[in-house]
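S.K.: Here's my sequence, what's the structure:
(one chain, ligands or ions: 1)
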Amino acid sequence: MQITETPIAGLLVIEPKVWKDNRGYFYESYNARILAEAGITGNFVQDNQSFSQKGALRGMHAQNMPFEQGKLVRVLKGAVLDVAVDIRKASATYGQHFSIELSGENHKQLWVPPGFLHGFLTLEDETIFTYKVTNYYDKASEIGVMWNDPDLNINWNREISEQELILSEKDLILSSFKDFKSPF
Ligand SMILES: Cc1cn([C@H]2C[C@H](O)[C@@H](COP(=O)(O)OP(=O)(O)O[C@H]3O[C@H](C)C(=O)[C@H](O)[C@H]3O)O2)c(=O)[nH]c1=O
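M.R.: You can find the predicted model right below:
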């Protein structure tokens with residue numbers, strides 16, 4: 001399992017060792033000891049899974065304290081462009097984002113600590129996205145910023161036009177970044 005830093009402190013890319021043979025492949029998708037050695041010591045209490053068609057965009061979301069969540073995200077099948085935005089007010093990279101393609105083929109994972117907005121654009125039909133979180137879901141604590149906020153300026157361009165995007169009602173009316181008051 002190789003764990004590498006990103007330009008945003010605390011945000012880490014995890015690439016598992018994949019064992020391939022004539023039957024297929026095997027890899028450890030989660031190993032608390034190896035993650036702890038890299039500083040990922042969250043107490044994971046809940047696993048989530050979502051299924052999305054190409055063009056579905058979920059985000060940008062976070063939960064407010066005391067239900068802030070660290071997220072260990074990956075794709076079982078299909079592909080997404082995964083994006084995390086630093087909303088830690090004291091951070092030198094406040095408002096900056098990191099994006100990475102996660103897929104059932106590349107087996108990559110992203111550790112998103114508390115203090116980030118998170119979301120993804122689905123790049124293939126029948127994509128299965130799964131993740132561990134370090135705090136329970138609390139609807140009343142949900143906060144978010146629009147996926148296309150001009151100040152965040154997230155570069156989603158993946159041959160998917162705005163007309164092809166599939167968004168929830170909730171994700172159509174999230175806050176602008178300039179009106180957003182980060183609790184982190
Ligand atoms: C997140 C969540 C949702 N739900 C219920 C509530 C809704 O009725 C339904 C769909 O939820 P939502 O539309 O918020 O699902 P996503 O848009 O995939 O939300 C996620 O989107 C991005 C990718 C994130 O990083 C967050 O984990 C999360 O906000 O599932 C639950 O019961 N438990 C949960 O933990």
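S.K.: Would you mind listing what in this structure touches the ligand?
M.R.: Neighbours of the ligand within the chain, by CB under 6 Å from any ligand atom: Asn48, Ser50, Arg58, Gly59, His61, Lys71, His118, Gly119, Phe120, Tyr137, Ser168, Lys170. To be clear about C-beta, it is placed using only N, CA and C from the backbone, and glycine gets the same treatment.
S.K.: Rebuild those residues as TSV, extending it with neighbour count.
M.R.: Putting the residues of the chain next to the ligand into TSV (neighbours: other CB atoms under 10 Å) gives the following:
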residue	neighbour count
Asn48	13
Ser50	14
Arg58	20
Gly59	22
His61	18
Lys71	24
His118	20
Gly119	25
Phe120	29
Tyr137	13
Ser168	11
Lys170	11
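S.K.: In strands, which of those fall?
M.R.: The subset of the residues of the chain next to the ligand located in strands under the criterion DSSP state E comprises Asn48, Ser50, Arg58, Gly59, His61, Lys71, His118, Gly119, Phe120.
S.K.: Quick check: phi and psi on the closest residue in space to the last one that isn't next to it in sequence?
M.R.: Counting by CB to CB, 6 or more residues apart in numbering, Val80 is the residue found nearest to Phe120 once chain neighbours are left out, at 4.0 Å. Here is the backbone geometry of Val80 (degrees, to the nearest 10): phi -140, psi 160.
S.K.: which residues does Val80 bridge with?
M.R.: Partner residues in beta bridges with Val80, using DSSP bridges, are Leu102, Thr122.
S.K.: Strands along this protein, start to end?
M.R.: Assignment of strands within the chain using DSSP E yields the ranges 2-5, 12-15, 19-21, 24-26, 46-52, 57-63, 71-77, 79-86, 97-103, 109-112, 116-122, 127-133, 142-144.
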